[in-house]
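# Pasted the sequence and its predicted model underneath.
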Amino acid sequence: MQISRVVRSCDRRFDETIRGDMTGGRPGGAAGAGTAPDDPLLLFGDDFGERGPEPGARRVRRRGRRLLAAVSPVLLLLPGAAAATLYLLSENIGDNVQRVPDVFGALDESSRPPQAEVLTFLLVDTNSRSSEPTTGTDATGEAFVPGAQRSDVLMIARIEPDRTGASVVSIPRDSWVEIPGRGFNKINAAYSFGGPSLLIQTVEDLTALRINHFAAIDFAGFQSMVDSVGGIEVAISAPTSNQGVDFRQGVNHLGGAQALAYVQQRYGLPNGDLDRAHRQQNALRALLAKAASSGTLSDPIALYDLLDATSRSVGVDDTLSNGGLRSLAFDLRGLRPSAVTFLNAPVAGVGREGAQSVVYLDGFRSTDLWVTLRAGRVDAYADRYPADALGATTR
């Protein structure tokens with residue numbers, strides 16, 4: 001049967017790739033070796049569709065889903081086939097993820113916070129106002145160029161050592177902070193002045209938290225992630241509208257385009273960017289909850305669609321390989337949405353610095369927040385300052 005030849009090939013390529021990883025070479029032996037012409041996987045195209053007559057990411061995704069649908073019924077009956085097939089699919093998905101080069105190369109290791117078992121990501125958006133994807137294989141909007149623009153989204157995502165708990169803290173983009181070598185300015189100016197490296201240095205100096213990885217989220221691409229799970233549910237405390245979308249008081253079911261309008265809204269909200277940050281967190285929480293509750297994580301086809309959409313909506317630093325992404329996904333399989341705490345960095349007030357409208361962080365509470373984050377006791381901070389935590393509803 002043709003399907004058995006595919007599975008045997010999956011097993012062979014899985015074993016060869018593992019050996020290649022261990023020896024520093026590529027699958028199949030010598031570095032740079034390609035797929036043999038008689039490889040049955042060429043029925044689907046190398047990397048599931050790249051060589052066929054129909055170009056583009058849509059064909060890759062369709063071939064990937066077709067392969068998964070074809071082999072899924074027999075995976076449980078064939079030892080090693082499931083692992084091999086999922087490995088190859090994850091390589092294809094991982095290759096979609098844009099890599100941001102040399103993020104940590106310019107940082108002085110001796111002046112950085114110490115390494116810890118906790119895994120910490122710095123998350124930014126590439127261009128949250130763009131209506132077109134700006135990262136990944138589906139990018140049609142303005143290309144993401146590190147440092148070419150300021151970021152509207154700045155989040156610290158911290159995953160506990162046992163990978164069963166996590167916290168996400170949003171720092172207002174207009175926070176008035178000291179930027180190394182540049183004096184005081186808005187924190188997102190660090191991104192414009194020096195790209196991810198200077199932004200990481202600024203955040204590490206502010207928080208004394210070690211940043212392990214950098215990730216750029218494309219909120220225009222975020223809508224495809226929402227669509228892949230059939231939409232999300234968010235609770236809103238008062239009616240608002242944005243980009244022609246009306247949000248009613250209570251629970252709203254949002255498709256991808258509506259979700260994008262939800263996370264992009266700033267005007268018409270009482271606290272502007274601060275409320276928008278909670279909306280962004282709320283949408284991420286709703287996406288996690290929908291994926292966990294809808295059967296997406298246990299349905300191979302639905303999971304592939306979600307991971308494929310995610311891979312086309314994010315970029316990561318180039319120290320995070322496909323193998324690193326795979327390991328992270330495996331480690332996080334036990335993380336539940338209810339175990340993720342969302343917070344806003346505490347704000348003392350707003351004001352002006354010259355012609356700029358800025359946000360002043362609360363020094364005392366900020367210190368408390370960063371200390372509790374380092375100690376893995378962010379829940380205690382949320383109990384002390386519930387106004388800083390993401391509630392059940394947003395504006």
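Great, that's in hand. Numbering: from 1, shown residues only.
# which residues of the stretch 151-300 of the chain score low on pLDDT?
Scanning the stretch 151-300 of the chain with the threshold set as pLDDT under 70 gives 220.
# 90 instead, please
In the predicted model, the stretch 151-300 of the chain carries pLDDT under 90 at residues 151-153, 163-164, 192, 217-224, 266-267, 272-273, 291-300.
# quick one, strands of the stretch 251-395 of the chain?
Counting by DSSP state E, counting those that start in this stretch, residue ranges of the strands within the stretch 251-395 of the chain are 314-317, 340-344, 347-353, 356-361.
# Which strands and helices lie in contact with the longest one?
The one in question is strand 347-353. Under the contact definition 3 or more C-beta pairs under 8 Å, 6 or more residues apart in numbering; DSSP states H and E, strand 347-353 sits against strand 356-361. Just so you know, the C-beta spots here come from the backbone N, C-alpha and C atoms, and that holds for glycine as well.
# between the strand it packs on and strand 347-353, how big is the angle?
160 degrees (axes from the mean of the first three to the mean of the last three C-alpha atoms, to 10 degrees).
# Just the residues contacting strand 356-361, thanks.
When contacts are defined by C-beta atoms under 8 Å, 6 or more residues apart in numbering, strand 356-361 is touched by residues 171-172, 174-177, 186, 273-274, 345-352.
# From residue 236, how far out is residue 153?
20 Å (C-beta to C-beta, to the nearest Å).
# Looking at these two, which is more packed in?
The residue with the greater number of neighbours, taking residue 153 and residue 236 and applying other C-beta atoms under 10 Å, is residue 153; the counts read 22 against 19.
# Just give the closest residue to that one, not the sequence neighbours.
residue 125 (3.8 Å; C-beta to C-beta, 6 or more residues apart in numbering).
# Who is that neighbour paired with across the strands?
The residues listed as beta-bridge partners of residue 125 by DSSP bridges are residue 217.
# Give me the secondary structure label for residue 192.
Under DSSP: H, G, I helix; E, B strand; the rest coil, the three-state class of residue 192 is helix.
# Quickly note the distance from it to residue 186.
Applying C-beta to C-beta, one obtains 9 Å for the distance of residue 192 from residue 186.
# and what of residue 123?
With distances defined as C-beta to C-beta, the gap from residue 123 to residue 186 amounts to 18 Å.
# now swap in residue 279 and tell me
Taking C-beta to C-beta as the measure, residue 279 falls 20 Å from residue 186.
# which of those two has more neighbours?
Set side by side, residue 279 and residue 186 give different neighbour counts by other C-beta under 10 Å, the larger being at residue 279 (24 against 21).
# these two touch, right, that one and residue 261?
No - assessed by C-beta atoms under 8 Å, residue 279 is found out of contact with residue 261, at 10.2 Å.
# Who are the packing partners of the helix or strand that contains residue 197?
Under the assignment given by DSSP states H and E, the secondary-structure element containing residue 197 is helix 189-207. Applying 3+ C-beta pairs under 8 Å, 6+ apart, one finds that helix 189-207 contacts strand 119-125, strand 154-159, strand 176-179, helix 363-375.
# Out of those, which is closest to residue 197?
With distances scored as C-beta to C-beta, the stretch of the helices and strands packed on helix 189-207 nearest to residue 197 is strand 119-125 (10.8 Å).
# Buried residues, the closest one. List them.
If you call a residue buried by 16 or more other C-beta atoms under 10 Å, then strand 119-125 has these buried ones: 119, 120, 121, 122, 123, 124, 125.
# Tally up the residues packed near residue 227, please.
Per other C-beta under 10 Å, the neighbour tally for residue 227 reads 17.
# Check residue 161 too.
Using other C-beta under 10 Å, residue 161 has 11 other residues around it.
# Check the one 5 residues further on too.
With neighbours defined by other C-beta under 10 Å, the count for residue 166 comes to 22.
# Could I get the contacting residues of it?
Contact criterion C-beta under 8 Å, 6+ apart gives 157, 158, 159, 160, 335, 339, 340, 341 as the residues in contact with residue 166.
# Tell me the secondary structure at residue 115.
Secondary structure of residue 115, reduced to three states by three-state DSSP: coil.
# ok, it touching residue 210?
Yes - using C-beta under 8 Å as the test, residue 115 is close enough to residue 210 to be in contact (6.0 Å).
# who's more crowded, the two?
Neighbours around residue 115 and residue 210, counted as other C-beta under 10 Å, are more numerous at residue 210. The numbers are 16 against 9.
# can you pull the contacts of that one?
Taking C-beta under 8 Å, 6+ apart as the definition of contact, the neighbours of residue 210 are 112, 113, 114, 115, 116, 120, 204.
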